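A.B. asks: Sequence isn't available, so here's the structure alone:
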């Protein structure tokens with residue numbers, strides 16, 4: 001993506017949280033044809049390349065793969081099956097678009 005550290009281990013909470021948030025925005029756009037932030041930011045349309053979706057999917061998959069790990073985002077949500085289910089759904093939505 002280029003706007004975060006090259007090494008996700010350096011700032012894992014920011015890195016993971018940003019990846020999940022971006023993915024949620026893109027998934028809402030895929031599902032509903034608009035973002036939830038149009039009124040706030042004027043973001044009306046998302047244009048992406050297949051590589052962008054693949055990268056987002058990989059980032060969120062990385063968060064899922066760290067279940068039981070020591071990354072801050074996972075430790076925050078540890079034990080919440082709804083959060084894991086949400087992330088798995090996000091990965092499915094992105095995967096269907098590839």
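C.D. replies: That came through, no problem. This one's a predicted model, so the numbers in the text were calculated from it and none came from an experiment.
A.B. asks: What is the subsequent helix or strand relative to the lowest-mean-pLDDT helix or strand in the chain?
C.D. replies: Least confident helix or strand of the chain, by mean pLDDT, DSSP states H and E, is helix 38-41 with a mean of 62. Sequence order places helix 50-65 as the next helix or strand after helix 38-41, per DSSP states H and E.
A.B. asks: mind checking the longest helix of this structure?
C.D. replies: The residue-count maximum for a helix in the chain (DSSP state H) belongs to helix 12-32.
A.B. asks: Name the residues of that one that are buried.
C.D. replies: 12, 15-16, 19-20, 22-29 (16 or more other C-beta atoms under 10 Å). C-betas here are computed from N, CA, C, even on glycine.
A.B. asks: what's it packed up against?
C.D. replies: Applying 3 or more C-beta pairs under 8 Å, 6 or more residues apart in numbering; DSSP states H and E, one finds that helix 12-32 contacts helix 50-65, helix 72-77, helix 81-97.
A.B. asks: Next, name the residue at the spatial heart of this structure.
C.D. replies: What sits nearest the mean C-alpha location of the chain, by C-alpha atoms, centre = their mean, is residue 20, with 2.5 Å.
A.B. asks: ok, residue 26 - contacts?
C.D. replies: Residue 26 makes contact with 46, 48, 53, 56, 94, according to C-beta atoms under 8 Å, 6 or more residues apart in numbering.
A.B. asks: could you redo the last one with a cut-off of 6 Å?
C.D. replies: If you count contacts by C-beta atoms under 6 Å, 6 or more residues apart in numbering, residue 26 has none.
A.B. asks: Tell me how far it lies from residue 54.
C.D. replies: According to C-beta to C-beta, to the nearest Å, residue 26 stands 12 Å off from residue 54.
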